[in-house]
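# coords please:
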Amino acid sequence: MTRALLGLALLAAGCAADAPPPAPTSLAVPAGAQQATVVRHSDGDTFVLRGTGVGPLPAAPTKVRLLEVDTPEVHPTAACFGPEAADRTAELLPKGARVRVQADRDLRDRYGRLLLYVWTEDGASVEEVLLREGYARVLYVRPNDLHLDHFRDVEAAARRARAGLWGACPS
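I've put the predicted structure just below:
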């Protein structure tokens with residue numbers, strides 16, 4: 001009986017485990033990227049982080065918007081793939097996770113959100129993963145263009161592969 005219960009416990013633990021880490025990305029964490037902790041999520045491209053050490057992100061919980069990508073919205077009249085994008089971001093950035101962040105030229109958007117590039121604990125670029133898996137599109141808002149060419153290439157490959165929203169949503 002004990003072995004059966006242990007087997008069921010191990011099976012349940014395997015089923016309840018977090019999503020597997022994303023495949024490695026080609027955009028490496030830059031030297032000097034600030035460390036931060038995930039506090040909570042808003043949607044696929046917006047969440048709250050708390051900074052540690054020196055960098056653009058303060059120690060107080062701060063609303064952050066991913067740079068150079070846009071995910072579909074999740075509100076009641078949401079665009080196709082909005083909830084899926086929000087869920088994927090929550091898997092990549094679970095509450096309490098340690099991440100690394102980097103700023104570009106403009107630090108804030110018109111809504112007051114801090115604009116940052118974000119890497120997971122495993123060193124994967126969140127923007128690159130969302131683009132590669134088809135949860136996001138490239139969004140260029142001048143002058144922030146540090147990784148724009150790379151992200152455009154990743155999006156083009158996802159479109160060709162009909163990944164995520166590129167295969168599930170109407171044009």
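# Just want the most central residue of the protein.
Closest to where the C-alpha atoms of the chain average out (Cα atoms, centre = their mean) is residue 126, at 3.7 Å.
# The residue lying closest to that one once chain neighbours are set aside and residue 161, how far apart?
In space, and not counting its chain neighbours, residue 126 is closest to residue 118: 4.4 Å by Cβ to Cβ, 6 or more residues apart in numbering. Where C-beta positions appear, they are placed from N, C-alpha and C, glycine not excepted. Going from residue 118 to residue 161 by Cβ to Cβ, to the nearest Å gives 23 Å.
# For these two, work out which one has more neighbours and name it.
Between residue 118 and residue 161, residue 118 has the larger neighbour count (other Cβ atoms under 10 Å), namely 25 against 13.
# who's in contact with residue 107?
By Cβ atoms under 8 Å, 6 or more residues apart in numbering, the residues touching residue 107 are 56, 114, 115.
# roughly how far apart are residue 112 and residue 87?
Counting by Cβ to Cβ - residue 112 and residue 87 are separated by 26 Å.
# who's more crowded, those two?
More crowded of residue 112 and residue 87, by other Cβ under 10 Å: residue 87, with 15 against 9.
# Secondary structure class of that one, three-state.
On the three-state scheme (DSSP: H, G, I helix; E, B strand; the rest coil), residue 87 is labelled helix.
# which element is residue 129 on?
With secondary structure defined by DSSP states H and E, residue 129 is part of helix 126-132.
# mean confidence for the helix or strand just after that helix?
Going down the chain from helix 126-132, the next helix or strand is strand 137-138, by DSSP H and E. Confidence for strand 137-138, expressed as mean pLDDT, is 97.
# And strand 137-138, what does it pack against?
For strand 137-138, the elements it packs on are strand 69-70, helix 148-161, judged by 3 or more Cβ pairs under 8 Å, 6 or more residues apart in numbering; DSSP states H and E.
# From the rest of the structure, what touches that strand?
Contacts for strand 137-138 (Cβ under 8 Å, 6+ apart): 68, 69, 70, 71, 131, 148, 151, 152, 155, 165.
# quick revisit: tell me the contacts of the residue nearest to residue 126?
Neighbours of residue 118 in contact, by Cβ under 8 Å, 6+ apart: 49, 64, 66, 93, 99, 100, 101, 125, 126, 127.
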